[in-house]
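Enquirer: Coordinates for the following, if possible.
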Amino acid sequence: MKKFEVLNRIANIGVVAVVRAESTEKGLKISEACISGGVTAIEVTFTVPGAGEIISNLIKNYADNENVLIGAGTVLDSETARQAILNGAKFIVSPCFDEEVAKLCNRYQVPYIPGTQTVLEVKMALDAGCDVIKVFPGDILGPRFIKDVHGPLPYANLMPSGGVDLANIPDWIKAGVVCVSAGSSLTAPAKKGDYAGVTELAKQFVAAVKDARAKK
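Expert: The predicted model follows:
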């Protein structure tokens, strides 16, 4: 799958699920629950034991579903990025910008979505060829940050992460984000083993983004 196809699908899905778990098994189950609910862009974080194995298994299990995109998150260095890519990750997400990760992802033509907190960091990410840039932590920066960044950098495709929930999705979409990233607000039921609850929340997240876009 080409880089522009991955980026377009992430934007079309509108929600990226951030998967964190205490074990490989739970990470896989959370991912599957999100996919069942329509959140088919999955960011498996490298804080999860066996993250590379989860990525490989998901790609194998959903090989016939072109709507499913499996990426890697909490990628802090180029070594981890390369490992994730070799495991099949279609996109790479970081909590902060790293030039070496950007170079490696450009080399393999894999989208790199780094976390940023300032206009300077957003500019650095743009200069490094990042097509979608994460705004993190979203609960601290808020939707107003999106509007402020779009003043000098109207062409920046921004994705908030951290603090995104069903209640504030309309605010983020109205502010002009290309998509949103959701972690615990989406996957919390899994802590009690309620994966059906994760699936139901995933459906609500997809519906909330669709509705907010229609009203924009």
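
Enquirer: list the buried ones in the strand or helix carrying residue 107?
Expert: Using DSSP states H and E, the element containing residue 107 is helix 99-108. Residues 101, 102, 104, 105 are the ones in helix 99-108 that count as buried (16 or more other C-beta atoms under 10 Å). (Each C-beta comes from the backbone N, C-alpha and C, glycine too.)

Enquirer: Can you list the strands that the helix or strand just after it pairs with?
Expert: Using DSSP H and E, the helix or strand that follows helix 99-108 in sequence is strand 112-113. Here strand 112-113 is paired, per DSSP bridges, with strand 92-93 (parallel).

Enquirer: what mean pLDDT does the strand it pairs with have?
Expert: Here strand 92-93 scores 98 as its mean pLDDT.

Enquirer: Begin at 388 from now on, thanks
Expert: That works, and once the first residue is 388, the last one we named lands at strand 479-480.

Enquirer: is it true that residue 539 lies in a strand?
Expert: No: residue state for residue 539 (DSSP: H, G, I helix; E, B strand; the rest coil) corresponds to coil; a strand is not indicated.

Enquirer: Let me see the contact set for the nearest residue to it once chain neighbours are set aside.
Expert: Distance criterion C-beta to C-beta, 6 or more residues apart in numbering; nearest residue to residue 539, sequence neighbours excluded, is residue 506 at 6.4 Å. By C-beta atoms under 8 Å, 6 or more residues apart in numbering, the residues touching residue 506 are 535, 536, 539, 540.

Enquirer: quick one: contacts for the residue sitting nearest the centre point of the chain?
Expert: The residue lying closest to the centre of the chain (C-alpha atoms, centre = their mean) is residue 403, at 3.9 Å. Contact analysis of residue 403 by C-beta under 8 Å, 6+ apart lists 397, 426, 428-430, 458, 480, 546, 548, 566-569.

Enquirer: Alright, I will stop here.
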